[in-house]
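K.L.:
No sequence on hand, only this structure:
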């Protein structure tokens, strides 16, 4: 379980790095970051990432719907 948490933390770091790259604005980085944060048990941070993703309104409808669903689950 500890190894899994470290993997999610590493994923979050990579998503944060990739968000600064050229063209990153078209990718669902906040959505993917939110999933990793939620899996790592960092629900407050996950909520912020999902809110950011939904606020942009960019992304596939299924991803936006899932992000909204996850926000509801997180009390968002």
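P.N.:
Received it, and whenever you're ready, just let me know what you need. Computed from a predicted model, the values in this text were never measured in an experiment. Numbering: from 1, shown residues only.
K.L.:
so how far is the longest helix belonging to the chain off the chain centroid?
P.N.:
Identified as the longest helix of the chain according to DSSP state H is helix 2-18. Between the centre of helix 2-18 and the centre of its chain there are 11 Å (Cα atoms, centre = their mean, to the nearest Å).
K.L.:
Now tell me what touches that helix from outside.
P.N.:
24, 27, 29, 32, 33, 36, 37, 39, 40, 41, 42 (Cβ atoms under 8 Å, 6 or more residues apart in numbering). (Glycine included, C-beta is placed from N, CA and C.)
K.L.:
Residue 33 is in contact with residue 50, isn't it?
P.N.:
No. Contact criterion Cβ atoms under 8 Å: residue 33 and residue 50 do not qualify, at 9.1 Å.
K.L.:
More neighbours: these two, which one.
P.N.:
Neighbours per residue (other Cβ atoms under 10 Å) separate residue 33 from residue 50, with residue 50 holding more: 28 against 25.
K.L.:
Where does that one sit, in terms of helix or strand?
P.N.:
Under the criterion of DSSP states H and E, residue 50 resides in helix 43-56.
K.L.:
Report all helices and strands that that helix contacts.
P.N.:
Packing partners of helix 43-56 (3 or more Cβ pairs under 8 Å, 6 or more residues apart in numbering; DSSP states H and E): helix 29-39, helix 61-73.
K.L.:
And that helix, what's buried?
P.N.:
Using 16 or more other Cβ atoms under 10 Å as the burial criterion, the residues of helix 43-56 that qualify are 43, 45, 46, 47, 48, 49, 50, 51, 53, 54.
K.L.:
returning to that earlier point: can you tell me the average pLDDT over the longest helix of the chain?
P.N.:
Mean per-residue pLDDT for helix 2-18: 83.
K.L.:
Could you list the buried residues of it?
P.N.:
Those would be 8, 11, 12, 15, for helix 2-18 by 16+ other Cβ under 10 Å.
K.L.:
for those residues, which one is nearest residue 76?
P.N.:
residue 12 (18.5 Å; Cβ to Cβ).
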